[in-house]
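Asker: Need the 3D shape of this:
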Amino acid sequence: MDKWLWVARFYKTRSLAADEVGRGRVTVNGKAAKAAREIRTGDELQVRQGDVTRTVVIRALSAVRGPATVAQTMYEETADSLARRAAADSARRLASEPAHAITQGRPTKRDRRAIERTQVDWQRWSASIDST
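Answerer: Just a heads-up that it's a prediction; the model follows:
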């Protein structure tokens, strides 16, 4: 399975594909699988990549990694999966920019020094000082 995921270009390296399968992020026909599992045409894979779960049906098998155009013909993504991905993309596009929510952000070196000048000096508390 890890080899097919690599050949179909779901993952950049075969070891990344094996790691993701081992973490349970890839299922075959609704069941957890191992990296060495034999897959057949017609099997349904659910591949979780980040926030998106893609459901694909295997259409062809190959042991050789080729161009992306060939890799895309090896599987067919389900209509439900395409709709979920489109909804997630639109939600991500419509979401506010996280940086706009930060009003001040991290203080600059100059700001930090100004903050330190305005703060009252404080003594470090220690249990050993109080016990004597």
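Asker: And residue 2, how far from residue 95?
Answerer: For residue 2, the distance to residue 95 equals 33 Å [CB to CB, to the nearest Å]. Any C-beta I mention is one placed from the backbone N, CA and C, and that applies to glycine too.
Asker: Which of the two has more residues huddled nearby?
Answerer: Between residue 2 and residue 95, counted using other CB atoms under 10 Å, the more crowded position is residue 2 (24 against 8).
Asker: for this protein, what are the low-confidence residue spans?
Answerer: Residue ranges of the chain with pLDDT under 70: 97-104, 120-132.
Asker: centroid residue for it?
Answerer: In the chain, the centroid-proximal residue (CA atoms, centre = their mean) is residue 50; its distance is 2.4 Å.
Asker: Strands of the protein, residue ranges please.
Answerer: 26-28, 31-32, 44-49, 52-58, 75-77 (DSSP state E).
Asker: These into CSV, with extra columns for distance to residue 20 and mean neighbour count?
Answerer: Output for the strands of the chain, formatted as CSV (distance: least, CB to CB, whole Å; neighbours: other CB atoms under 10 Å):
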stretch, distance to residue 20, mean neighbour count
strand 26-28, 6, 20
strand 31-32, 12, 9
strand 44-49, 8, 16
strand 52-58, 12, 16
strand 75-77, 16, 16
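Asker: closest one to residue 87 among these?
Answerer: strand 52-58 (10.1 Å; CB to CB).
Asker: any residues touching that closest one, and which ones?
Answerer: 4, 39-48, 74-78, 80-81, 84-85, 88 (CB atoms under 8 Å, 6 or more residues apart in numbering).
Asker: what do you get for stretch 61-73?
Answerer: Here stretch 61-73 has contacts from 3, 4, 6, 7, 8, 9, 39, 40, 41, 59, 60, 74, using CB under 8 Å, 6+ apart.
Asker: isn't the fifth one right up against residue 75?
Answerer: Going back to what we said before, that points to residue 8. Yes. Between residue 8 and residue 75 there is a contact under CB atoms under 8 Å: 5.8 Å.
Asker: what about the closest residue in space to residue 32 that isn't next to it in sequence, neighbour count?
Answerer: Leaving out its chain neighbours, the residue that sits closest to residue 32 by CB to CB, 6 or more residues apart in numbering is residue 24, at 5.7 Å. By other CB under 10 Å, 10 other residues sit near residue 24.
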